[in-house]
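*Asks:* sharing a sequence plus its predicted fold:
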Amino acid sequence: MTDDLERLKTDTLAALSEASDLRAWDAIRVGVLGKSGSLTTMLKELGRAAPEERKARGAALNVLKGELSAAIDGRQATLEAAALEARLQTERLDVSLPPQPRAQGLIHPISRTMEEMAAIFGAMGFAIGEGPDIEDDWRNFGALNIPAHHSAREDMDTFYVPPGEGETRRRVLRTHTSPMQVRSMLTRELPFRVIVPGRTYRADHDATHSPMFHQCEGLVLGRDITLAHLKGCLIDFLRAFFGVADLPVRFRSSYFPFTEPSMEVDIGWSRKTGEIGGGTDWLEILGSGMVQPKVLANCGIDPREWQGFAFGMGIERVTMLKYGIPDLRPFYESDLRWLRHYGFNPLAPVMLHEGV
Ligand code: PHE
C-alpha cells in the first residue's frame, strides 16, 4: 500500500475512534466515502494513472474501501448503542408509577359521608354491612320490639309493600336501618361490631324530610359491652367526623322500643353562626342505646350472656351540618351545578390520617 493510502487508513481509524457521537461519525463518513470524500476522489483519479500503476492501486484502493467501510459501520453500531443507552438512562419510564388519570365526575356528598363513616368506624374495628331496602314487617318492627299497632309504626309513616309471591308477611320499605340489627344478629358470629349505611323510606316530604333518605346503623355485641363503650365510641366518632377535637357531646335520656336505656346524642353548636362545637346550643344528631334484651332473645341470642349497644343516625343531617348545606331537596335533584359545588374529587379518597 502506498504511503497516501496508509495515511488515509491510519487517520480515518484514529478519527473514528475519537468520534464520540453520531454527528462526528457522520462527518468522517462523508469526508472519506462521500461524493467528494478522499477515498472517492482517489478512486475517481485512478482513471488518470498510468495503466500498469492503475491495476495495483485500484486493487489496493478497493481493499482499503472495504476496510474503511467496515470500520465506519462498526463505529456507527457502537455509537448508536451508546446513544440508546444514554436515552434509556435519562428518559427512564417507570411503569410501576400509579397512573394519573383525569378526574371525571364528582363523589356525591352522601357517598362521601358514608365513606368517612366507613373509614372512622373501620379504624375502630367495625365491619361494614349492607342490607335490602325492602324488609318484612317482622325485621323492620316486630323483632325490634315494636308491637303490632304500636304508634311507632305510624310515627314512621311507613310505605307498605304487598307480600312477595308465596309469602304471607306484609313487606315494607325499611323505615330505618335498624332491621339490619336483626339481620346482623341472625347471621354474624358473636362478638361483632358492624355499621350499615343505606337507604331508608318514610312518607314525608318537606324542606328537611325526603321520602327516601339515608341512615347509618351501628351495632356492637359482646360479653361485657357497657354504656361506657357506647359513649366512648360515639364521642370518638363525632369528634373525628366533624373534625373538632373537643366537640361537646351530650347524652340525653330518650326512648326507643329496641334499646334500654335509650339516649339521644346531641353535639354543641352555635345556632347563630352554625359553628359546630362553638356556642352554647345543642343539636340532636343520633339515637342510641343498649340493645333491649327482648331484641336479643327475638334473634336467638341469650341476653344473660351477650349484650351491646346500637345507634342510628341520619346521613343527610350530618352531611348538611358538616358542609353547611342549607336544603335537603337538591341532594336528589341531580343538578350538576349543585354537585360541582358540593361534590368531592373521586381521585382523593377519604384518608383518616389527613382528617375526614
Ligand atoms: N332507628 C332509630 C331511628 O330511626 C334510631 C336508632 C337506632 C336508635 C339504633 C337507637 C338505636 O330513629
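*Replies:* Sure thing, it's come through.
*Asks:* domains in this protein, by residue range?
*Replies:* According to automatic domain parsing, the chain comprises the domains 3-90, 109-342.
*Asks:* of all those, which lies closest to residue 103?
*Replies:* domain 109-342 (12.0 Å; CB to CB). Backbone N, C-alpha and C define where each C-beta goes, glycine included.
*Asks:* my guess is residue 217 is in a strand, correct?
*Replies:* Yes - the assignment for residue 217 is a strand, going by DSSP: H, G, I helix; E, B strand; the rest coil.
*Asks:* hang on, it packs against residue 195?
*Replies:* Yes - contact criterion CB atoms under 8 Å: residue 217 and residue 195 qualify, at 6.6 Å.
*Asks:* so which of these two has more stuff around it?
*Replies:* Shown here are residue 217 and residue 195; by other CB atoms under 10 Å, residue 195 has more neighbours (27 against 23).
*Asks:* so what's that one up against?
*Replies:* Listed by CB atoms under 8 Å, 6 or more residues apart in numbering, the contact set of residue 195 reads 117, 118, 121, 126, 127, 128, 129, 216, 217, 218, 219.
*Asks:* and the gap between the fourth one and residue 216?
*Replies:* So the one you mean is residue 126. 11 Å (CB to CB, to the nearest Å).
*Asks:* okay, those two: which has more neighbours?
*Replies:* The neighbour count for residue 126 versus residue 216, taken as other CB under 10 Å, is higher for residue 216 (24 against 21).
*Asks:* okay, and the beta partners of that one?
*Replies:* Beta-bridge partners for residue 216, by DSSP bridges, are residue 197, residue 313.
*Asks:* that older thread, nearest to the ligand, of the contacts of residue 195?
*Replies:* residue 217 (6.1 Å; CB to the nearest ligand atom).
*Asks:* need the contact list for that closest one.
*Replies:* When contacts are counted by CB under 8 Å, 6+ apart, residue 217 touches 176, 177, 178, 180, 181, 195, 196, 197, 198, 310, 311, 312.
*Asks:* and the fourth one, that's in a helix?
*Replies:* When you say that, I think you mean residue 180. Yes - per three-state DSSP, residue 180 lies within a helix segment.
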